[in-house]
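[1] Take a look and give me a structure for this.
(one chain, ligands or ions: 1)
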Amino acid sequence: MSQLKSTMSNDNVTPTDATMSTTMHVQAQPNEQEKPPSRQPSMDNDEDDGTPDDTESLDSNSSRKDTSPRSGRNFSRGVTMNTLVQEGVLEPGPGVLSIDYLGQKYCGDLLPDGKIFWENVQFASPSSWATYIKKKINPAKKSGCGWNSVKYKGKKLDKLKLNWFRKNSGNAVPGLSPASNCDEDLVGQPTTLILDNKMVRERKSIKYSEIKLQGSLDPNTIVEFEQFDENMGKGQPFSVVISTSVLLIIDFHSHLTTSEVAGYLGGRWNPNDRCLYIMQAFPCKCKLCDQENAVIVEQEISNSLAARQLMRVGWYHSHPTSQAEPTLRDIDVQYEMQCNNIASHPTVAFINSPFDVRDSTRSESVYSAFWVAPPPDGSPEQAYGVPMRVKYTESIDHTIHQDILHELRLLVDYYKLHTDVITFTKLWRGTMTYLDKIKLSLTAKLPKDKSGAQLIQFVQEILTKACQPGSLT
Ligand SMILES: [Zn+2]
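    The predicted model follows:
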């Protein structure tokens with residue numbers, strides 16, 4: 001259950017807020033169709049705490065080639081072992097690399113070209129070495145791990161890489177962070193739809209099996225989901241329950257601007273029933289390409305999560321006009337996040353599509369949730385993980401907490417200052433305004449009682465007010 005947003009001021013709460021209930025009740029409604037998971041992600045400890053390490057995290061695929069000109073957000077594809085040797089971060093030598101696995105320590109040599117030598121075998125990357133060792137020790141292990149389980153003189157490679165990147169990129173937020181991740185080119189292209197004066201185009205998805213030569217693919221390429229298949233022994237490895245108030249925040253956030261938005265999901269993990277409970281959304285109130293502010297926003301969210309004793313169990317972002325399927329970059333971001341959290345809990349990603357050009361008269365947003373499975377055995381090391389559609393159960397909040405209203409107001413106050421804010425008084429389709437559109441979409445996630453009606457009234461008031469002349473002062 002979410003904690004109160006105790007750190008937030010209630011100065012701006014209106015009488016309308018005060019009429020709303022001050023408690024939020026969550027009733028999980030288990031999906032009868034969900035079956036017990038048959039496949040479970042490893043939860044081995046990956047902390048560098050000096051304890052024996054049985055790391056089985058998913059590889060961060062750091063040795064992939066960076067095909068993006070925006071390598072600041074995609075750094076893990078650009079920095080290789082060879083880079084770090086050339087830059088003097090790593091000094092070649094015998095036995096300087098190590099892997100701790102199942103109580104044993106394995107030491108390898110770092111060669112001058114960044115390759116690794118161990119027991120008369122040469123490895124091109126930390127991933128291939130780690131996979132080799134783990135399969136040798138435990139043949140049942142299917143996925144290896146790389147930068148986050150191999151150490152150089154006792155320090156984890158991923159941290160050394162991160163430090164190097166911080167010093168050299170000039171960017172405050174390195175790598176794959178939801179707060180600084182955005183799928184550029186999802187908007188702004190010619191032309192099948194106008195979204196509040198912005199021209200957008202329809203984008204086609206490719207199948208996962210069509211990802212062949214990663215080096216030639218645009219990271220904005222959208223990939224269709226693969227499905228878990230219980231009958232094939234590959235069921236969803238955990239279940240997910242999400243509060244409707246979380247979906248409400250995501251949807252509201254996504255409707256405010258023609259640009260992408262993102263945020264984090266806070267919740268709890270119950271290992272006994274293998275269920276991830278998503279209880280609160282933490283919107284990133286920053287432009288997604290503003291890496292400097294992203295650091296501050298992420299820190300604030302970390303503090304908020306800690307204050308509420310919630311774990312960062314996932315993230316969300318919007319595809320304003322594209323389908324709610326992940327791009328290759330989204331797959332990377334999610335994989336990286338899973339990697340970071342794997343010691344304690346699973347992680348899921350939600351995508352919200354408020355103005356999908358393929359169904360431009362639809363008023364209700366489309367949501368999807370996904371998790372990334374490791375690349376299949378035998379696939380090249382550069383292969384992307386597999387985006388798996390995750391089924392989730394909605395737990396209905398029958399009353400709306402005041403915190404939710406406060407968050408909605410903060411979002412409006414933030415976005416109304418920007419040029420890409422949606423003008424809610426404008427017409428969306430026919431005689432319907434953007435305000436009509438968002439109200440219809442939000443209504444689908446609200447309880448069908450008085451509290452739902454009150455929230456819609458509240459939304460109407462704050463959005464109408466934001467559109468009035470002088471609202472920026
Ligand atoms: Zn995306």
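[2] ok and the residue in the stretch 251-400 of the chain nearest the ion?
    The ion sits closest to residue 330 of the stretch 251-400 of the chain, with a gap of 4.1 Å, by Cβ to the ion. For glycine as for every other residue, the C-beta is placed from the backbone atoms N, C-alpha and C.
[3] That residue: how many residues sit nearby?
    26 (other Cβ atoms under 10 Å).
[4] and residue 234, bridged to which residues?
    Residue 234 has these beta-bridge partners by DSSP bridges: residue 229.
[5] State the distance from it to residue 392.
    18 Å (Cβ to Cβ, to the nearest Å).
[6] Which of these two has more residues huddled nearby?
    residue 392 (21 against 15).
[7] so the more buried one touches residue 244, yeah?
    No. The criterion here is Cβ atoms under 8 Å, and residue 392 misses it with residue 244 at 11.3 Å.
[8] re the thing from before, my reading is that the residue of the stretch 251-400 of the chain closest to the ion is in a strand; is that accurate?
    No. If the criterion is DSSP: H, G, I helix; E, B strand; the rest coil, then residue 330 is helix and not within a strand.
[9] Can you get me a residue count around residue 336?
    Neighbour count of residue 336, defined by other Cβ under 10 Å: 25.
[10] Can you tell me the element it falls in?
    Residue 336 belongs to helix 328-341 when assigned by DSSP states H and E.
[11] buried sites along that helix?
    By neighbour count on 16 or more other Cβ atoms under 10 Å, the buried set for helix 328-341 is 328-341.
[12] Let me see the mean pLDDT of stretch 117-129.
    Averaging pLDDT along stretch 117-129 gives 80.
[13] mind checking the end-to-end distance for that stretch?
    Taking Cα to Cα, to the nearest Å as the measure, stretch 117-129 stretches 9 Å from start to finish.
[14] Might you report the residue contacts of residue 250?
    Shown in contact with residue 250 (Cβ atoms under 8 Å, 6 or more residues apart in numbering): 263, 281, 316, 318, 350, 352, 367.
[15] repeat that with 10 Å
    242, 261-263, 265, 281, 283, 316-318, 350-352, 354, 365, 367, 445 (Cβ atoms under 10 Å, 6 or more residues apart in numbering).
[16] and it, what element?
    Using DSSP H and E, residue 250 falls in helix 244-255.
[17] Which elements pack onto the next helix or strand after that helix?
    Using DSSP H and E, the helix or strand that directly follows helix 244-255 along the chain is strand 262-270. Under the contact criterion of 3 or more Cβ pairs under 10 Å, 6 or more residues apart in numbering; DSSP states H and E, strand 262-270 touches strand 239-243, helix 244-255, strand 275-283, helix 291-307, strand 311-318, helix 328-341, strand 348-353.
[18] For the stretch 201-350 of the chain, give me the ranges with low pLDDT.
    Applying pLDDT under 70 to the stretch 201-350 of the chain picks out residues 201, 212-216, 288-291.
[19] make it 90
    201-204, 209-220, 229-234, 258-259, 285-298, 321, 332-333, 336-344 (pLDDT under 90).
[20] Enumerate the residues of it near the ion.
    Selection of the stretch 201-350 of the chain residues close to the ion by Cβ under 5 Å from the ion yields 327, 330.
[21] 6 Å instead?
    Contact residues (Cβ under 6 Å from the ion) of the stretch 201-350 of the chain with the ion: 317, 319, 326, 327, 330.
[22] Just the buried residues from the residues you listed, in PyMOL please.
    Listed next is the PyMOL selection for buried residues among those, using 16+ other Cβ under 10 Å:
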select buried, resi 317+319+326+327+330
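[23] any idea how this protein splits into domains?
    1-41+176-473, 75-169 (automatic domain parsing).
[24] could you say what helices and strands the helix or strand harbouring residue 135 packs with?
    Following DSSP H and E, one finds residue 135 within helix 126-137. Judged by 3+ Cβ pairs under 10 Å, 6+ apart, helix 126-137 is in contact with strand 93-101, strand 104-110, strand 116-118, strand 121-123, strand 150-152, helix 157-169.
[25] buried ones in the fourth one?
    This points to strand 121-123. For strand 121-123, by 16+ other Cβ under 10 Å, it's residue 123.
[26] quick one: strands adjacent to that strand?
    By DSSP bridges, strand 121-123 pairs with strand 116-118 (antiparallel).
[27] wait, isn't residue 85 in contact with residue 111?
    Yes. Between residue 85 and residue 111 there is a contact under Cβ atoms under 10 Å: 8.5 Å.
[28] Return every residue with contacts to both of those two.
    Common contacts of residue 85 and residue 111 (Cβ under 10 Å, 6+ apart): residue 92.
[29] Pull stretch 259-278 out as PDB, backbone CA atoms only.
    What follows is stretch 259-278 as a C-alpha-only set of coordinates in PDB (Å, rounded to 0.1, in the frame of the first residue of the first chain):
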ATOM      1  CA  SER A 259       6.500  14.800 -26.400                       C
ATOM      2  CA  GLU A 260       7.300  11.600 -24.700                       C
ATOM      3  CA  VAL A 261       7.100  11.400 -20.900                       C
ATOM      4  CA  ALA A 262       8.500   8.900 -18.500                       C
ATOM      5  CA  GLY A 263       8.400   8.000 -14.800                       C
ATOM      6  CA  TYR A 264       9.200   5.300 -12.300                       C
ATOM      7  CA  LEU A 265       6.900   2.700 -10.700                       C
ATOM      8  CA  GLY A 266       7.100   2.100  -7.000                       C
ATOM      9  CA  GLY A 267       5.900  -1.100  -5.300                       C
ATOM     10  CA  ARG A 268       6.600  -4.300  -3.500                       C
ATOM     11  CA  TRP A 269       7.700  -7.700  -4.400                       C
ATOM     12  CA  ASN A 270       6.200 -10.800  -2.700                       C
ATOM     13  CA  PRO A 271       8.500 -13.700  -3.300                       C
ATOM     14  CA  ASN A 272       6.000 -16.200  -1.800                       C
ATOM     15  CA  ASP A 273       3.300 -15.600  -4.400                       C
ATOM     16  CA  ARG A 274       5.800 -14.300  -6.900                       C
ATOM     17  CA  CYS A 275       3.800 -11.200  -7.400                       C
ATOM     18  CA  LEU A 276       4.900  -7.700  -8.100                       C
ATOM     19  CA  TYR A 277       2.600  -5.100  -6.700                       C
ATOM     20  CA  ILE A 278       2.800  -1.700  -8.400                       C
END
